[in-house]
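In: build me a model from this:
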Amino acid sequence: SAQRKESYMFKVFSLLPVFILLTSLSAQQDTLPPGPVTDVSYTLTGDTLIITWSNPEDTDFVGVMIRYVNEWTYERDPNYGTFLADTTSETISHEVETGVPYVFSFFAYDTASNFSEPYFLPFYIPITDHDSLRILFIHHSCGSNWLATGNGNLRDSLEAQGYSVHDATYGDVIGENTDVCDWYPKFRDQLDLVFTFDYHPNHYYQNGEENDIIMFKSCFPNSNIISDGEPPGDPEDCTRTLWNYYAAYNACAGIFKDHEDKLFVPVTAPPLIASHTTPENAERARTFNNWLKSEWVEAYRDSYGLYNTAVFDFFDLLTRHGYSNYEEYPSGGGYDDHPNSTGNRIATREFIPFINWAVDQWQLHSLPYVPGDANGDGEVNINDLLFLASYIFGGGPQPDPYLSGDENGDGIVDASDISYLANYLFG
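Out: Reported below is the predicted structural model:
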C-alpha cells in the first residue's frame with residue numbers, strides 16, 4: 001500500500017534574550033540600601049565601652065559593618081578605619097583608653113552589598129577636670145537654636161560636663177557683626193569685652209572673672225564664597241573670597257598666640273541649601289573649612305608651639321559629612337538654611353567629645369612639666385618608675401600634670417611609658 005508522507009514545521013525560540021532581560025532587571029532592582037542603625041546608646045563600665053543599637057527592619061538586611069578611628073574624622077567609606085565587627089547582633093563592647101578620641105562608624109548592608117547611610121558615634125574620656133571652666137559662645141540665630149533646650153540641647157549638654165556656658169548674640173556689643181571679616185577687628189579692639197562678657201544683654205563679670213574658652217561662629221551667608229580672590233587677601237574686606245577668609249584667620253592667629261591661657265574654638269559657618277548658592281561657591285566653602293581645621297591649626301601649632309586653638313567643622317557635619325556641599329538638615333520644610341533640630345542634636349553629639357578633647361590638649365600642653373617626672377619632685381629617677389607602675393597597675397594617683405608621665409611622648413600615659421623610662425634609667 002502507498003505510504004502517506006506528512007510534513008511538520010517546528011519553531012525554535014531562544015531563551016537567551018529573556019535570560020539577559022531578567023538578569024538586567026534583577027541587577028537594577030536591588031540598588032536600594034537598607035536603613036541605618038537606630039537607637040544607638042552606650043554605657044562605660046571600667047575601660048569597656050558597651051554600645052547597643054537597633055538594626056534596620058529591611059527584609060534583605062544582612063549585617064552591620066563597624067569600624068573606628070582614633071581621630072575626629074567622619075568618613076562615609078564603610079572600609080575606612082580599623083575593623084571592629086561585621087555582625088547581626090545589636091550590641092558590641094570595646095576596650096577604650098582615657099585621652100584617646102574614638103569615632104565609631106556603623107554601616108548596615110543588604111544581600112546586594114548596598115550600604116546604608118553611616119551612623120557615627122564619637123567618644124572620648126577626658127583626662128583633665130573641666131569643672132568651672134567658662135565657655136563664651138559668640139553667635140547669631142543658628143547658635144541660639146543649637147544651644148536651646150528642645151532643639152540642639154547644647155547648653156544643657158555642656159553644663160552636664162561641668163562647663164559654665166555664656167553666650168553673646170544680637171544686641172550685645174560683641175555679639176553684633178559675626179561675618180568672617182569681623183573677627184579680626186573684634187578680637188583686636190574688643191578682646192577685653194570678649195574675655196569679661198557674662199550674659200545677654202551686655203552684662204559683664206564684676207569680680208575679675210574671665211571666660212576661659214572663646215567659641216565663635218559666622219552664619220550661613222558666609223558659606224557663599226563668590227571667588228578665590230587675590231593673595232594675600234585682606235582680613236577686614238567683607239567681600240567673600242577664599243583669600244580674604246585665609247587672611248582673616250591668619251590675622252586672628254597673631255592675636256590668639258598672645259593669650260595661651262584661653263582656648264579659641266572657631267566653629268565653621270553652616271552650609272546653604274542648594275538653591276541659595278552655586279556649586280562653585282559651595283565647593284569653595286568646603287575648601288576653606290578643610291584648610292581651617294587642618295592646615296591653619298597645624299601651622300599655628302608649628303609656628304607658636306601652642307594648642308590653644310581647635311576648629312569644629314559645623315559645615316561638614318551639616319552636609320552629612322560630605323554627602324554634598326549643601327545643608328542636609330534644613331528647616332522650614334527644606335527651604336530655610338537654618339539647621340533643624342535633628343542636625344543640631346547630631347552637632348551636639350559630636351561637639352561634646354570634641355570640646356573635651358580640645359580642652360585636654362590645651363590644658364595639658366600649657367602646663368610646665370618635666371617629661372618622666374611623674375611624681376612631681378623635680379627629678380627623674382626610680383621613684384617615678386614606681387609611681388607610674390602604681391598609677392597604671394595599682395590604681396594609684398594620676399601624674400599631675402598628666403603629661404609628666406608621658407615619657408615616650410605619644411600623648412598617653414600607659415605601660416609603654418614604664419618600659420621607656422626603665423630603658424632610660426637602666427639602659
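In: what's the local residue count around E57?
Out: E57 is flanked by 9 other residues according to other CB atoms under 10 Å. The C-beta positions use only the backbone N, C-alpha and C, and glycine is treated the same way.
In: same check on D258?
Out: Neighbour tally, D258, other CB under 10 Å: 11.
In: how much space separates it from A358?
Out: 19 Å (CB to CB, to the nearest Å).
In: how about F197?
Out: 20 Å.
In: residues contacting L263?
Out: By CB atoms under 8 Å, 6 or more residues apart in numbering, L263 lies in contact with D212, I213, I214, N308, T309, A310, A358, V359, W362.
In: recalculate using a threshold of 10 Å.
Out: 133, 135, 211-215, 256, 307-310, 355, 358-359, 361-363, 366 (CB atoms under 10 Å, 6 or more residues apart in numbering).
In: cool, D39 as well?
Out: Residues near D39 by CB under 10 Å, 6+ apart: T52, W53, S54, N55, E90.
In: host element of it?
Out: Assigned by DSSP states H and E, D39 belongs to strand 38-45.
In: partner residues bridging the nearest residue in space to K217 that is not next to it in sequence?
Out: Setting aside the residues directly before and after it, K217 is nearest to V267 in space (CB to CB, 6 or more residues apart in numbering), at 3.9 Å. Beta-bridge partners for V267, by DSSP bridges, are K217, F312.
In: give me the number of residues near V267?
Out: Applying other CB under 10 Å, we find 22 residues neighbouring V267.
In: my guess is N289 contacts S223, does it?
Out: Yes. Contact criterion CB atoms under 10 Å: N289 and S223 qualify, at 8.5 Å.
In: give me the phi and psi for C252.
Out: Torsion angles at C252 (phi, psi; degrees, to the nearest 10) stand at phi -60, psi -40.
In: then the one 10 residues further on?
Out: Here the main-chain torsion angles of K262 (degrees, to the nearest 10) amount to phi -120, psi 150.
In: any regions of the stretch 51-200 of the chain where pLDDT drops low?
Out: Low-confidence regions of the stretch 51-200 of the chain, defined by pLDDT under 70, are absent; no residue qualifies.
In: how about the strands in it?
Out: With DSSP state E, counting those that start in this stretch as the criterion, the stretch 51-200 of the chain has strands at 61-69, 82-87, 91-95, 102-110, 119-123, 134-138, 164-168, 197-199.
In: which one of those lies closest to H321?
Out: With CB to CB as the criterion, H321 lies closest to strand 119-123 of the strands of the stretch 51-200 of the chain, at 7.3 Å.
In: buried ones in that closest one, by neighbour count?
Out: Y119, F120, L121, P122, F123 (16 or more other CB atoms under 10 Å).
In: tell me the one of these nearest Y300?
Out: P122 (23.1 Å).
In: bridging residues for that closest one?
Out: Bridge pairing for P122 - DSSP bridges - gives V103.
In: so who does it touch?
Out: Going by CB under 10 Å, 6+ apart, P122 touches 68, 72, 74, 101-104, 349-354, 357.
In: return the member of the residues you listed nearest to T31.
Out: Among the contacts of P122, Y74 lies closest to T31 (CB to CB), at 24.3 Å.
In: isn't the closest one right next to R320, touching?
Out: Yes. Between Y74 and R320 a contact is recorded at 9.2 Å, counting by CB under 10 Å.
In: what helices and strands are in contact with the helix or strand that contains N289?
Out: N289 belongs to helix 279-291 when assigned by DSSP H and E. Counting contacts by 3 or more CB pairs under 10 Å, 6 or more residues apart in numbering; DSSP states H and E, helix 279-291 packs against helix 242-256, helix 314-318.
In: out of those helices, which one sits most buried?
Out: For the helices and strands packed on helix 279-291, the largest average neighbour count (mean count of other CB atoms under 10 Å) is found in helix 314-318, namely a mean of 25.
In: tell me the helix or strand right after it.
Out: strand 330-331.
In: can you tell me what sits against that next one?
Out: So strand 330-331 is in contact with 142, 145, 151, 270-274, 276, 318, 336-344, going by CB under 10 Å, 6+ apart.
In: pLDDT of the longest helix seen in the chain, averaged?
Out: For the chain, the helix that runs over the most residues, judged by DSSP state H, is helix 341-366. Over the span of helix 341-366, the pLDDT mean works out to 96.
In: chain center to it, what's the gap?
Out: Averaging C-alpha positions (CA atoms, centre = their mean, to the nearest Å) puts helix 341-366 7 Å from its chain's average.
In: pLDDT below threshold where in the stretch 251-400 of the chain?
Out: The model of the stretch 251-400 of the chain has pLDDT under 70 over residues 367-369.
In: now with 50, please.
Out: In the prediction, the stretch 251-400 of the chain carries no residues with pLDDT under 50.
In: contact partners for the residue lying closest to L364 once chain neighbours are set aside?
Out: Using CB to CB, 6+ apart and skipping the chain neighbours, the partner closest in space to L364 is L403 (4.9 Å). Taking CB under 10 Å, 6+ apart, we find L403 in contact with 99, 127, 360, 363-365, 367, 369, 371, 409, 411-413.
In: and the pLDDT for L403?
Out: In this model, L403 carries a pLDDT of 77.
In: over to the one 10 residues further on?
Out: Looking at V413, its pLDDT stands at 87.
In: what's the closest non-adjacent residue to it?
Out: G405 (4.1 Å).
In: who's in contact with that neighbour?
Out: For G405, the contacting residues are 369, 371-376, 384, 387-388, 391-392, 398-399, 412-414, 417-418, 421, by CB under 10 Å, 6+ apart.
In: near the closest residue to D400 other than its chain neighbours, how many other residues are there?
Out: Nearest residue to D400, sequence neighbours excluded (CB to CB, 6+ apart): G376, at 6.2 Å. Close neighbours of G376, defined as other CB under 10 Å, add up to 15.
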